[in-house]
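Predicted coordinates and the sequence they were generated for:
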Amino acid sequence: MSQRGRFITLEGGEGVGKSTNLQFVVDWLRAQGRDVISTREPGGTPCAEAIRHLLLDPSPAEPLCVDAELLLMFAARAQHLAQKILPALEQGTWVVCDRFTDATYAYQGGGRGIASDRIATLEQFVQQDVQPDMTLLLDMPVEAASQRVASRLSRQGGERDRFERERGTFFNAVRRAYLERADQAPKRFAVIDASESLELVQVAIADALAKRVATWP
Ligand code: Z5A
């Protein structure tokens, strides 16, 4: 039987470079001979992507209450785990995921103000003992990350989603919540200074991956 795959997540506020660096992480792991898939949350399967659409819709049919937002995040996660993440890990495939439950603690906890113990109850219900083996937290000041998003939008077009329309105070609370999570689990998290050039960010990511992967059997 093949050895179980490893589960690596990328986290951080909007515009810090998660999507840009996801493929870099996948390529780095493949170069080490790993079988790897990439995915994202909310989303990753057709049903979970439909929930993502509902969650990000900038003009919902009615305002989404914070508890519904939280439950939809976990509904999408349950589907994603059952259909994609767990089957891959069980086959020995490594999974690299753009956001996971740390995002729920940061956005619904830090940003929306939902108590951590309520999130932890749902986490236990949906995930039981499933946790990422490693989390790369891309961290940088909110203002500079928001400027990156603005220049991407002016270059490529598109509109801001429901979360991207939040204010700086919301994103600063999200950033604080992420950094608290990283402080609480230093063995799982690697905090990367995402304000550097892409080249330097990727050197730091490769270094963090190499150090962590070397400790795994
Ligand atoms: N959400 C939640 O609330 N609760 C949850 O449990 C989960 C999610 C799982 C999903 O949107 C939303 O769902 C998210 C949180 C919420 N909302 N927000 N905000 P998403 O997954 O699409 O997340 P996003 O943060 O909005 O994606 P993003 O704006 O695309 O950010 P990014 O992926 O981190 O950044 P990027 O697209 O890779 O880079 C942004 C720009 O910067 C781009 O033009 C790059 O070329 C450029 N870039 C990247 N790195 C650099 C460096 N180093 N230097 C210069 N420029 C750079």
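Nice, thanks for sending it over.

In the protein, where is pLDDT below threshold?
For the chain, the stretches with pLDDT under 70 are 1.

Run through the residues of it sitting next to the ligand.
12, 14-20, 40-42, 73, 98-99, 103-104, 107-108, 148-149, 152, 163-164, 197-198, 201 (CB under 6 Å from any ligand atom). (Each C-beta comes from the backbone N, C-alpha and C, glycine too.)

mind checking how far stretch 2-11 is from the chain centre?
Taking CA atoms, centre = their mean, to the nearest Å, the mean C-alpha location of stretch 2-11 is offset from the chain mean by 13 Å.

Can you tell me which of the residues of the chain next to the ligand end up in helices?
Here DSSP state H is the test, and those give 18, 19, 20, 73, 103, 104, 148, 149, 152, 198, 201 as lying in helices.

Show me the strands in this structure, by range?
For the chain, the strands defined by DSSP state E cover 7-11, 36-40, 94-98, 134-139, 189-193.

neighbouring contacts of the third one?
For strand 94-98, the external contacting residues (CB atoms under 8 Å, 6 or more residues apart in numbering) are 5-10, 18-19, 22, 25-26, 29, 34-41, 44, 84-85, 88-89, 132.

now do the longest one
The set of residues external to strand 134-139 that reach it, using CB under 8 Å, 6+ apart, is 6-12, 16-18, 21, 25, 100, 102, 175, 178-179, 181-182, 185, 188-194, 201, 205, 208-209, 212.

if we go to 6 Å?
Residues from elsewhere that reach strand 134-139 (CB atoms under 6 Å, 6 or more residues apart in numbering): 8-12, 16-17, 178, 182, 188-192, 194, 212.

Top of the residues you listed by number of neighbours, please.
Compared across the contacts of strand 134-139, residue 10 has the highest neighbour count, 30 neighbours, by other CB atoms under 10 Å.

who does it bridge with?
According to DSSP bridges, the partner residues bridging residue 10 are residue 98, residue 136.

any idea how far it is from residue 16?
Applying CB to CB, to the nearest Å, the value for residue 10 to residue 16 is 9 Å.

Can you convert the ones in helices among the residues of the chain next to the ligand into JSON lines and add a column each for distance to residue 217 and neighbour count?
JSON lines is the format used below for those (distance: CB to CB, whole Å; neighbours: other CB atoms under 10 Å):
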{"residue": "18", "distance to residue 217": "28", "neighbour count": "23"}
{"residue": "19", "distance to residue 217": "31", "neighbour count": "11"}
{"residue": "20", "distance to residue 217": "31", "neighbour count": "17"}
{"residue": "73", "distance to residue 217": "32", "neighbour count": "24"}
{"residue": "103", "distance to residue 217": "28", "neighbour count": "26"}
{"residue": "104", "distance to residue 217": "29", "neighbour count": "25"}
{"residue": "148", "distance to residue 217": "38", "neighbour count": "17"}
{"residue": "149", "distance to residue 217": "40", "neighbour count": "15"}
{"residue": "152", "distance to residue 217": "40", "neighbour count": "13"}
{"residue": "198", "distance to residue 217": "32", "neighbour count": "12"}
{"residue": "201", "distance to residue 217": "29", "neighbour count": "21"}
